[in-house]
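>>> build the 3D model from these lines:
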Amino acid sequence: MKIKFLILLLLASAMAFSQEINVKDVPQSVLESFEKAYTGAKIKKWEKKNDTYYATLVSDGQNGVAEFDADGKWKITNFEVNSKELPSNISSYCQSTFPGFKVDKTNYVETEDKTYYFIVMRKEGIAQNAHSDLKFDISGKLTGREDFNLEGTQVAPAKKEVQQQHSEAKNEPKQKKESGKQQTGKSQGNRPKTNPGNKQPGQEGTTLHNITVPAGVRAAFTKKFARATDLTWDTIHKVNYLAFFKFRNQKQKAEFLPAGKWLSSTTVIDPKSLYAPIARYIQEKFGDQKIKYAETTVNNLRKSSYYVQVYRKEKGEMLITQLYFDKSGKIDRIIDPEVTDEPLPSTIDENFDKQVDDDISKGKGLNDLVDRDLKEKELPTPVIRYIRINYPEYKIKKASYETESEYGQAYHIFIRREGIVQPNAELYFNTNGKLLKKIDQNTDELGEESNQESAQGMKAPDPVEKAFKDKYPGSLDISWDKDDNGNYVADFKYKNNKCKGEFKADGTWMKTTTEMSDKLLPLPVTSYIERTYKGGKIQYAEFVEKPDKKNYYYCEVTDKKKQGEPTKLYFTTAGRLQKKAGAGDAENKEE
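Sure thing, here's the model as predicted:
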């Protein structure tokens, strides 16, 4: 293992005695190898020592040094890493294992077959020789440790299993060399054979939904992710292209425009390797929950962000909270889990409720509820549930059971919003908890004939109902209304999204709008808004789908510099501005 650690030290020392050279003095094979390994990276300078070339580079905002031999073979790259950016489990190990030590060096190292963190822990003080060289894999697991002059410190010696890994790793370079000779009959210095066209295994990839990926998109992908494997293609709204693949031993996805322009890349993160500020926030705010999923995204504007899911279980159901962080680890947005049903008050006596149901089936048992005020726990569960869902800010002020109401036997309930001079409502339910009538403050009385439409929503014609169910099976919270053109409009939830669908009376589908988070808007849309409305905020966003496939995105943006109504923006599915309208402005199309 010392050999591997010494490689890093030799690289640093070699750089110290290397000579800076002009790019024209760098062999073409080295330049091509660099471009293949780090497409789009910025080169600060080239240096040379003996037959080794060193490129000081910036890739994805990180400074590093890449090493190549004279034949152009890439050997190793070291990226500088701030100790504050280390995965939390690595930081915890260093702090707990090395009391009185400080982080002296941190690198993220890439080789042809491995990526890992290399860290040097050194005893605090002047001219201290006590130090340890540590190696962690990308998940934060310790895979190597070499101690130097630790006598007299509080640091415990390395565990036996780690020492064993060191011992095995020492023979690894030799084994690889011998293996290379047996397979190729050539020395290790020669470049390995590649498959036709220099394509990596799985580079062509597979596709979903029988799509055809344009040659320009494939070329852009191959250029940026030359060593990717396990590639699969898909589309977003049948416009942009998504690539799912493995790159540098990590699961990733990347989005491209049809012309081949790269938009963004997303990398799945091991929850144990989360950026330290994010890990601390989750521990403080969601310490009782577990991390289900984590990812980081960087776009072509070099803006990065993090997305994390945490969850808890209630009554056997997994409730997921979504957390969005900016590149510094600061929380940007929280989306709470959606609960299928509003939680019932803990005061409900389920045994009593069951007894009432049993008594109803026998036609008796409700006489003792007559002529007195009822407690909330004495009301049927459907009654409580209806009030909690439809009047979440109201409290039950009075409840009674009447035997001679206009509906016969019924529960009569008064509810009111908390506070002074707040609205109230009067509700009637039958003995099974079904709403019979409601009277809201400042509204006319809603009787039996109008109850079906006013309390539970109007009913759409059979052709419309059938067309809706065929198009959106499994929808929830469905309510119908009619627009000025006589079309039927359904408000509903589909796949956890709030939607609105419009149908003609004969069942012909007209359009559907789906509310969406601004975080899910295509990058060209958000980029345009950021450039044009600096300091502005997206107040509302939706995706509109139509039968003629002329789908579009609609956004409402507030501008701090202008007062009044928000600006309304319409974008094509490719993210090009199609139309805009603001307060006092006539609608206009973008040329």
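>>> hang on, E530 in a strand?
No - using DSSP: H, G, I helix; E, B strand; the rest coil, the assignment for E530 is helix, not a strand.
>>> for A130, see how far away it is.
Per Cβ to Cβ, to the nearest Å, E530 is found 50 Å from A130. No exception for glycine: its C-beta is placed from N, CA and C like everyone else's.
>>> more neighbours, these two?
More neighbours sit around A130 than around the other of E530 and A130, counting by other Cβ atoms under 10 Å; the figures are 20 against 14.
>>> quick check on the more buried one: phi, psi?
Here is the backbone geometry of A130 (degrees, to the nearest 10): phi -70, psi 120.
>>> what sits closest to it if chain neighbours are left out?
K123 (4.0 Å; Cβ to Cβ, 6 or more residues apart in numbering).
>>> F429 too?
Nearest non-adjacent residue to F429 (Cβ to Cβ, 6+ apart): Y411, at 4.4 Å.
>>> for the residue nearest to A130, give its distance to L150.
Distance of K123 to L150, computed by Cβ to Cβ: 8 Å.
>>> common neighbours of the two, please.
A130 (Cβ atoms under 8 Å, 6 or more residues apart in numbering).
>>> so those two - more neighbours on which side?
K123 (21 against 18).
>>> the more buried one bridge partners, please.
Legend: beta-bridge partners of K123 under DSSP bridges are F101.
>>> double-check it against G100; I have them as touching.
Yes - K123 is in contact with G100 according to Cβ atoms under 8 Å; the separation is 6.2 Å.
>>> where's the residue nearest in space to the middle of the chain relative to L274, distance?
Per Cα atoms, centre = their mean, the C-alpha nearest to the average position across the chain is that of Y307, at 4.0 Å. Distance, Y307 to L274, by Cβ to Cβ: 11 Å.
>>> what's the answer for K285, then?
14 Å.
>>> where do the helices of the protein begin and end?
2-16, 28-37, 88-97, 160-170, 172-184, 215-224, 276-285, 350-361, 381-390, 448-454, 462-471, 523-532 (DSSP state H).
>>> from Q95, how far out is L86?
Distance of L86 to Q95, given as Cβ to Cβ: 11 Å.
>>> higher neighbour count, these two?
Set L86 next to Q95 and count neighbours by other Cβ under 10 Å: L86 wins out with 23 against 12.
>>> the bottom helix or strand of this structure by mean pLDDT?
Ranking every helix and strand in the chain by mean pLDDT, DSSP states H and E puts helix 448-454 at the bottom, with a mean of 38.
>>> dump the residue contacts of R417.
R417 touches 391, 393-395, 423-424, counting by Cβ under 8 Å, 6+ apart.
>>> buried among those? Make that a PyMOL selection.
Here is the PyMOL command that selects the buried residues among these (16 or more other Cβ atoms under 10 Å):
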select buried, resi 391+394+424
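>>> what residue spans form the domains of this protein?
2-173, 196-268, 271-335, 350-454, 462-514, 516-589 (automatic domain parsing).
>>> weakest of those in terms of mean pLDDT?
Lowest mean pLDDT within these: domain 350-454, at a mean of 68.
>>> hmm, back to that, list the contacts of the residue nearest to A130.
100-102, 130-131, 153.
>>> look at Y275 and say how many residues are nearby.
22.
>>> who does M318 bridge with?
Bridge pairing for M318 - DSSP bridges - gives K313.
>>> thought it was touching Y311?
Yes - using Cβ under 8 Å, M318 is in contact with Y311, at 5.2 Å.
>>> tell me which of those two has more neighbours.
The residue with more neighbours, out of M318 and Y311, is Y311; 16 against 11, by other Cβ under 10 Å.
>>> show me the contacts for that one.
By Cβ under 8 Å, 6+ apart, the contact set of Y311 is 289-290, 292, 318-321, 337.
>>> so which of these are in strands?
Among the contacts of Y311, DSSP state E puts 290, 292, 318-321 in strands.
>>> so how far is Q252 from the nearest residue to G72 once chain neighbours are set aside?
Distance criterion Cβ to Cβ, 6+ apart; nearest residue to G72, sequence neighbours excluded, is S29 at 3.0 Å. In this structure, S29 and Q252 are 28 Å apart, going by Cβ to Cβ.
>>> which one's more surrounded, those two?
Each of S29 and Q252 has its neighbours counted (other Cβ under 10 Å); Q252 has more, 19 against 15.
>>> that one against T267, yeah?
Yes - using Cβ under 8 Å, Q252 is in contact with T267, at 4.9 Å.
>>> only the buried residues of stretch 115-130, if you could.
116-123, 130.
>>> how about a markdown table for those, with distance to D137 added?
Listed next are the buried residues of stretch 115-130 as a markdown table, based on distance: Cβ to Cβ, whole Å:
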| residue | distance to D137 |
| --- | --- |
| Y116 | 5 |
| Y117 | 8 |
| F118 | 11 |
| I119 | 13 |
| V120 | 17 |
| M121 | 18 |
| R122 | 22 |
| K123 | 26 |
| A130 | 25 |
